[in-house]
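K.L.:
Whatever this is, show me its structure:
(one chain, ligands or ions: 2)
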Amino acid sequence: MTAPVRENLSGLDLRAEIERLRKERNAVILAHYYQKPEIQDLADFVGDSLELSRKAADTDADVIAFCGVKFMAETAKILSPQKTVILPDMDAGCSLEDSCPPEQFKRFREAHPDHIALTYINCSAAVKALSDIIVTSSSAETIISQIPESQKIIFGPDRHLGGYLNRKFGRDMLLWPGVCIVHEAFSETELIKLKAQHPGAPVAAHPECPPHIVDHADYVGSTSGILQFAKSFPGDTLIVATEPHIIHQMELALPEKHFIGAPGADGNCNCNICPYMALNTMEKLYIALRDLAPRIEMEEGLRLAARQSLDRMLDMASGTVGKGDLGRA
Ligand code: 13P
Ligand code: SF4
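P.N.:
Ligands and ions are numbered 1, 2, ... in the order given. As a prediction, the model looks like this:
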């Protein structure tokens, strides 16, 4: 586990200090929608995995302060090796990445030599290096539709996203058995109760949710897709089946509407807060900008190998933001 911040920072105006360091370091602060509201509010850009990858590839900044999880910061380093990439807490991992050790994934690939590996971005750089094409939840649909139906595919590490794509596209991809512990925790029973309390309220779900949750959804898509759906649905109440910190952006954009996080088994949506994303705090962001650490470092051979599958994603996904999503209205 990460050591708690031991310095006494109580006299500091953290927001002002982060602002000062951002300028001094010529840093850009990128944040995922699952970050705490105070981090989202000071970020230069808040987005989904694909949008954040594109921003990291395009930035002129010298330093990328990545407020997200480690595979996202690694992606930034792979795409922008000349930049200093810092992650406020190096223990900010992901259960999907943990489910897919590179040696086991390599054996899985070797057992299926006639399959290509289409791999969700939620994995280590080593697994990216073993893959042919990376996808995010907002680029998967556009990318899969460019792969001939006769081509055999293995898909990892998220079996729910892979299963969703199989059902939607009539594919037969072999699935790695990983899951996101956060999306796995939604309760169908509690969701049905919530829907009964809010008749007519649509449900928007991330495709990392298991089928028994996705089957109740009026819209299925990436975090940015869900946000777009929240901005366009005609009603006044939306049930949101993904990590609840995204609701912050919905409330900022649509203060007159009502957004309810889908519940976990105890009827309380707090169990759906991503424990990895939650490790990043304002204190740790300040220290990371001050010390330029913890820093993502990567051996060049690994970086170049991982870059190939990421570049294929960026090429195949180009022009997809906002239309090539997994959306199902
Ligand atoms: P998005 O690409 O939809 O933002 O998803 C990232 C993620 O980790 C969801 O759990
Ligand atoms: Fe990983 Fe799930 Fe957290 Fe996303 S929400 S970073 S998939 S553990």
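
K.L.:
And the strands in the stretch 51-200 of the chain?
P.N.:
Applying DSSP state E, counting those that start in this stretch to the stretch 51-200 of the chain gives strands spanning 63-67, 84-86, 115-120, 133-135, 152-156, 174-175.

K.L.:
what about the residue in the stretch 1-150 of the chain that ligand 2 sits nearest to, how many neighbours?
P.N.:
Per Cβ to the nearest ligand atom, residue 94 is where the stretch 1-150 of the chain lies closest to ligand 2, at 3.2 Å. (C-beta placed from N, C-alpha, C; glycine too.) For residue 94, the neighbour count with other Cβ atoms under 10 Å is 25.

K.L.:
quick one, what contacts it?
P.N.:
By Cβ atoms under 8 Å, 6 or more residues apart in numbering, the contact list for residue 94 reads 69-71, 122, 180, 276.

K.L.:
now do residue 217
P.N.:
203-205, 209, 241, 328.

K.L.:
Is it possible to get JSON lines of these that adds distance to ligand 2, secondary structure and pLDDT?
P.N.:
Formatted as JSON lines, those follow (distance: Cβ to the nearest ligand atom, whole Å; DSSP: H, G, I helix; E, B strand; the rest coil; pLDDT from 0 to 100):
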{"residue": "203", "distance to ligand 2": "18", "secondary structure": "strand", "pLDDT": "98"}
{"residue": "204", "distance to ligand 2": "15", "secondary structure": "strand", "pLDDT": "98"}
{"residue": "205", "distance to ligand 2": "13", "secondary structure": "strand", "pLDDT": "98"}
{"residue": "209", "distance to ligand 2": "10", "secondary structure": "coil", "pLDDT": "98"}
{"residue": "241", "distance to ligand 2": "12", "secondary structure": "strand", "pLDDT": "97"}
{"residue": "328", "distance to ligand 2": "20", "secondary structure": "coil", "pLDDT": "45"}
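
K.L.:
Pick out whichever of the residues you listed sits closest to residue 140.
P.N.:
When the contacts of residue 217 are compared for distance to residue 140 (Cβ to Cβ), residue 328 wins out at 13.0 Å.

K.L.:
Quickly note the distance from the residue of the stretch 1-150 of the chain closest to ligand 2 to ligand 1.
P.N.:
Plainly put, residue 94 is 7 Å away from ligand 1 if you go by Cβ to the nearest ligand atom, to the nearest Å.

K.L.:
re earlier: now for the contacts of residue 94: which two are most distant?
P.N.:
Pairwise distances across the contacts of residue 94 (Cβ to Cβ) peak at 14.8 Å, for the pair 70 and 180.
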